[in-house]
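Asks: I'd like to go over a predicted model; first the sequence, then the structure.
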Amino acid sequence: MGVTSLLVDHQKGQIDLEEVVTQGQILCLEAGIAENGGAIGQTLIPIPALGAIIRTVTTYFVWGIANGKLGQKEIALKHLMGEYMVGLPVKVYNAYHEIIQKIDAMSKLVLAQL
C-alpha cells in the first residue's frame with residue numbers, strides 16, 4: 001500500500017522518481033523491522049495477544065533507534081554529496097583549461113619544429 005501511495009504521488013507530480021526510490025527503500029526497511037519484531041514477539045511469548053503487543057513495542061523501539069542513526073548518516077551523506085557536486089564544475093573547468101594549455105604548448109612545439 002505504501003509503494004502504491006508513492007507511485008500515485010509520483011504520477012500526480014507531487015514527488016520525483018528519486019523520492020519514490022528513497023521512500024520505497026524506507027518502506028522496505030520498515031517492513032523488515034516489523035517482521036523481525038513480530039518474529040521476536042511470537043518467539044518469546046507464543047500467546048497471540050501478548051506476542052502482538054511485544055511485536056509492536058519491539059518494532060517501534062528498534063525502528064526508533066535505526067531511524068535516528070540512519071537519519072543522521074543520510075544527512076551527513078547528503079551534505080558530503082552536496083559539497084562534492086558544488087565543487088565538481090570547478091574541477092571540470094580547471095581540468096579543461098589544463099588540457100587546453102597542454103594542447104597549445106604541444107602545437108607551439110610542433111610549429112616551431114616545422
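Replies: Structure received.

Asks: leaving out chain neighbours, which residue sits closest to Leu6?
Replies: Val20 (4.9 Å; CB to CB, 6 or more residues apart in numbering). In this view, the C-beta of every residue, glycine as well, is placed from N, C-alpha and C.

Asks: what sits against that neighbour?
Replies: By CB atoms under 8 Å, 6 or more residues apart in numbering, the contact set of Val20 is 6-7, 9-10.

Asks: and which of those residues is nearest to Leu88?
Replies: Nearest to Leu88, judged by CB to CB, of these is His10 at 27.6 Å.

Asks: test my guess that that closest one contacts Asp16.
Replies: Yes: judged on CB atoms under 8 Å, His10 makes contact with Asp16 at a distance of 7.3 Å.

Asks: and the two? which has more neighbours close in?
Replies: Neighbour totals were compared for His10 and Asp16, and His10 leads with 15 against 11 (other CB atoms under 10 Å).

Asks: can you give the contact residues for whichever helix or strand that one is part of?
Replies: Secondary structure from DSSP states H and E places His10 in helix 2-11. Helix 2-11 is contacted from outside by 15-17, 19-20, 23-24, 27, using CB under 8 Å, 6+ apart.

Asks: got the CA coordinates for it in CSV?
Replies: The C-alpha coordinates for helix 2-11 follow below in CSV (Å, rounded to 0.1, in the frame of the first residue of the first chain):
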residue,chain,number,x,y,z
GLY,A,2,2.9,2.3,0.8
VAL,A,3,4.5,1.8,-2.6
THR,A,4,1.2,2.3,-4.3
SER,A,5,0.8,5.6,-2.5
LEU,A,6,4.3,6.7,-3.6
LEU,A,7,3.5,5.8,-7.2
VAL,A,8,0.3,7.8,-7.1
ASP,A,9,2.1,10.8,-5.6
HIS,A,10,4.7,10.5,-8.4
GLN,A,11,2.0,10.3,-11.1
